[in-house]
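Engineer: Got a predicted structure here, sequence first:
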Amino acid sequence: MERGAEMKRSLLVNILIIMLVTLVVLVALVMVIITIVGKSVYSRQRANELMSRAESIASEFAFSWNAGIPNDEIRKNLISKGLIESDTTTIIYLSGKEIWNSFSRPLIYSESVDIIEENYERVARGERISVTNDPHVIVVGIPIKNNVGHNIGSVFLSATTLTIADTLKRMTLEVTLAAVCAVLALLIPTYIVAGKLTRPIKEVADTALLMSAGNLSLRATENGTSEARHLAQSFNTLADNLQRTIEDLTVEKNRLSTILEGIGEGIISFDKSASISHYNAASIKLLGGSDGDKLETLAHYDLILGDINSSLASSERIQRSIKVGERVIQCRTSPIYDELSNLYGVTVLLRDITESERLENTRRDYVANVSHELRTPLASILSLADALNDGIVTDEADKNRYYSYIQHEAIRLSQLISDLLELSRLQSGGVAFTKRNENLNDVIYDVVDRMNGNASSRSKHIVTDIPEESCTAYTNGDRIEQVLVALIDNAIKHGSDNCDITVDRKS
């Protein structure tokens, strides 16, 4: 509201200033015109008036002189008829002699005499003169002719120009007063017109202020002059576009916020001054905090801030892994650029890679031990085949049993190769190990029976100490068998001679 009033007052003041400046320029122009042109015009007009009176005096004097009237009577007649006035110096010459002279101001009379003396001969020859270029006096002169047209004398009239200057000053003052009165008379209509002109602008300004406070549904009233209506329409069009843009941005912001809060990775956004502009709840949890904690207060924030400053300085990506309790968190810092390729800020992506690290370690351990795992069935097959080849086993039932062991170890060797392929599928996101109900007693007896030959060759004996009741578990039998083979094989290799290797099961 105050801005609208200020706008109105400002426009009114501007209009008044324009009016005053116009008045000053107008008065100055009028004064220049009156001073330069007016004096000349008025001088010529006054000279014409004096010339007309001089003709009347010359005509009356010639008529009276021809009638034989004495000069004194002629002068009285001229005065009585108003042809000789007090504001004008009248000099009459007859036959070259001055017979009448009326003057009121010596200085003006002296200047008039000088001009008359300069032009007397011309008038005596029958010319008329009109001198208006003198700064103080105007002088006109005409010859006096008798009834036959001969020059018998001359009449000179002289008037001061002070009356003209007074007239010009009076006119200037009147024009100035008229202009001032016109400005004063226009103040009220100017105020009313300015109010009508500024009211639509004031309404648009008030609407803009209310919209800036958050009320985007307001619109300016489209009234007033065509320009004011056009302004209000343009503002309303701008307001409609702005509201739609803000609504779209709000929807996008809410969608982006929902996405950021819904993902498991932590995201932290920094501006180019390394101040936090946004982060999601996952970033707090991944850095060891809980709901309500400030990101700046967390223990590992300084490490992240160091990467932020480095990335802002070098405009390069930085990646590191930090230990947060039992978890491993990967921090990837990436610079952000605007549409002009100027550095705008930095974004940090936090990911929990604990499980992938564990799987990677498992894979490395498995690959490291795969030769050991492959050696065990190969050693069993080799020892069984040697026994058969050397004829140590002669009983047909024992031979069949050894053949069965060799077949089983070959199957186990094939299973190890399948496990390698399965591990590769797991790393690529394939299916997990297949589980089913397995009888653990059968798995134990089968492994011990197959490993006895290898143990005997190293002067060791495998003893089983398991309950007679069966034990079923939902697991992967191949993995249980693999673990038992590895453990028994290690005991065979690293146990003392003639020792017993005991395999038991706790219920």
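Structural biologist: That came in fine, so what should we check first? Residues are numbered from 1 along each chain as shown.
Engineer: Other residues contacting the helix or strand containing Leu349?
Structural biologist: Using DSSP states H and E, the element containing Leu349 is strand 343-352. Strand 343-352 is contacted by residues 264-272, 274, 277, 282-283, 286-287, 304, 307-308, 311-312, 315, 327-338 when judged by CB atoms under 8 Å, 6 or more residues apart in numbering. All C-beta spots, glycine's among them, are computed from the backbone N, C-alpha and C.
Engineer: what about it, average pLDDT?
Structural biologist: Here strand 343-352 scores 85 as its mean pLDDT.
Engineer: Sheet-wise, list the partners of it with their directions.
Structural biologist: strand 266-271 (antiparallel), strand 327-337 (antiparallel) (DSSP bridges).
Engineer: okay if I get those strands as a markdown table plus mean neighbour count, distance to Glu360 and mean pLDDT?
Structural biologist: Formatted as a markdown table, the strands paired with strand 343-352 follow (neighbours: other CB atoms under 10 Å; distance: least, CB to CB, whole Å; pLDDT from 0 to 100):
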| stretch | mean neighbour count | distance to Glu360 | mean pLDDT |
| --- | --- | --- | --- |
| strand 266-271 | 20 | 21 | 84 |
| strand 327-337 | 17 | 10 | 86 |
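Engineer: nearest to Ile246, of those?
Structural biologist: Comparison of the strands paired with strand 343-352 against Ile246 by CB to CB identifies strand 266-271 as nearest, at 20.9 Å.
Engineer: gap between the closest one and the chain center?
Structural biologist: Put simply, strand 266-271 sits 24 Å off its chain's centre (CA atoms, centre = their mean, to the nearest Å).
Engineer: before we move on, what about stretch 313-328?
Structural biologist: Worked out by CA atoms, centre = their mean, stretch 313-328 lies 35 Å from the chain centre.
Engineer: tell me which residues in it are buried?
Structural biologist: Buried positions in stretch 313-328, judged by neighbour count with 16 or more other CB atoms under 10 Å: 318, 322, 324, 328.
Engineer: out of those, who's nearest Asn71?
Structural biologist: Among those, and counting by CB to CB, the member closest to Asn71 is Ile318, at 127.8 Å.
Engineer: phi, psi of that closest one?
Structural biologist: Backbone torsions of Ile318, given as degrees, to the nearest 10, read phi -130, psi 130.
Engineer: So it sits against Ser310, correct?
Structural biologist: Yes - the criterion here is CB atoms under 8 Å, and Ile318 meets it with Ser310 at 5.9 Å.
Engineer: how many other residues sit next to Asp489?
Structural biologist: 21 (other CB atoms under 10 Å).
Engineer: swap in Asn309?
Structural biologist: 14.
Engineer: Show the contacting residues for it.
Structural biologist: So Asn309 contacts Ala274 (CB under 8 Å, 6+ apart).
Engineer: Check what pLDDT it gets.
Structural biologist: For Asn309, the predicted pLDDT is 86.
Engineer: so it is in which element?
Structural biologist: helix 301-314.
Engineer: residues making contact with the helix or strand just after that helix?
Structural biologist: Going down the chain from helix 301-314, the next helix or strand is strand 318-324, by DSSP H and E. Identification of contacts with strand 318-324 by CB under 8 Å, 6+ apart yields 286-288, 300, 303, 307, 310-311, 328-333, 353.
Engineer: and with 10 Å instead?
Structural biologist: Residues from elsewhere that reach strand 318-324 (CB atoms under 10 Å, 6 or more residues apart in numbering): 285-289, 298-300, 303-304, 306-308, 310-311, 328-335, 346, 348-354, 357.
Engineer: Partner strands of that strand and their direction?
Structural biologist: By DSSP bridges, strand 318-324 pairs with strand 327-337 (antiparallel).
Engineer: Taking helix 301-314 as reference, get the angle to the strand it pairs with.
Structural biologist: Orientation of strand 327-337 against helix 301-314 (axes from the mean of the first three to the mean of the last three CA atoms, to 10 degrees) gives an angle of 30 degrees.
Engineer: Show the end-to-end separation of stretch 30-41, please.
Structural biologist: 14 Å (CA to CA, to the nearest Å).
Engineer: and it, what's its mean pLDDT?
Structural biologist: 71.
Engineer: got the buried residues for stretch 64-78?
Structural biologist: For stretch 64-78, using 16+ other CB under 10 Å, the buried residues are 64-65, 74-75, 77-78.
Engineer: Distance to Val139, secondary structure and pLDDT for these - can I get that in CSV?
Structural biologist: CSV is the format used below for the buried residues of stretch 64-78 (distance: CB to CB, whole Å; DSSP: H, G, I helix; E, B strand; the rest coil; pLDDT from 0 to 100):
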residue, distance to Val139, secondary structure, pLDDT
Ser64, 24, helix, 85
Trp65, 23, helix, 85
Ile74, 22, helix, 80
Arg75, 20, helix, 80
Asn77, 24, helix, 84
Leu78, 19, helix, 82
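Engineer: now, among those, which is nearest to Ser102?
Structural biologist: For the buried residues of stretch 64-78, the nearest to Ser102 is Arg75 (9.3 Å; CB to CB).
Engineer: Which residue, neighbours along the chain excluded, lies closest to the closest one?
Structural biologist: Trp100 (5.8 Å; CB to CB, 6 or more residues apart in numbering).
Engineer: my guess is that neighbour is in a strand, correct?
Structural biologist: Yes - counting by DSSP: H, G, I helix; E, B strand; the rest coil, Trp100 is found in a strand.
Engineer: Skip ahead from the host helix or strand of Ser154 and say which helix or strand is next.
Structural biologist: Using DSSP H and E, Ser154 falls within strand 151-160. Next in sequence after strand 151-160, counting helices and strands by DSSP H and E, comes helix 162-212.
Engineer: next structured bit after that following helix?
Structural biologist: helix 226-262.
Engineer: re earlier: and the strand holding Leu349, what's buried?
Structural biologist: Neighbour count says strand 343-352 has 344-348, 350-352 buried, by 16+ other CB under 10 Å.
Engineer: how about those in JSON lines, adding distance to Arg479?
Structural biologist: Listed next are the buried residues of strand 343-352 as JSON lines, based on distance: CB to CB, whole Å:
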{"residue": "Tyr344", "distance to Arg479": "52"}
{"residue": "Gly345", "distance to Arg479": "49"}
{"residue": "Val346", "distance to Arg479": "46"}
{"residue": "Thr347", "distance to Arg479": "42"}
{"residue": "Val348", "distance to Arg479": "40"}
{"residue": "Leu350", "distance to Arg479": "34"}
{"residue": "Arg351", "distance to Arg479": "29"}
{"residue": "Asp352", "distance to Arg479": "26"}
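Engineer: Report the two of these separated the most.
Structural biologist: Farthest pair in those, by CB to CB: Tyr344 and Asp352, 27.6 Å.
Engineer: could you list every residue that touches the residue of the chain most remote from its centre?
Structural biologist: Distance from the centre of the chain peaks at Gly68, with 104.7 Å (CA atoms, centre = their mean). Gly68 makes no contacts at all, as judged by CB under 10 Å, 6+ apart.
Engineer: What of Ser64?
Structural biologist: 70-71, 73-75, 77-78.
Engineer: Show the end-to-end separation of stretch 57-76, please.
Structural biologist: End-to-end for stretch 57-76, by CA to CA: 12 Å.
Engineer: Could you pull up the mean pLDDT of stretch 460-478?
Structural biologist: On average, stretch 460-478 scores 82.
Engineer: List the buried residues in that stretch.
Structural biologist: Those would be 460, 462, 466, 471, 477-478, for stretch 460-478 by 16+ other CB under 10 Å.
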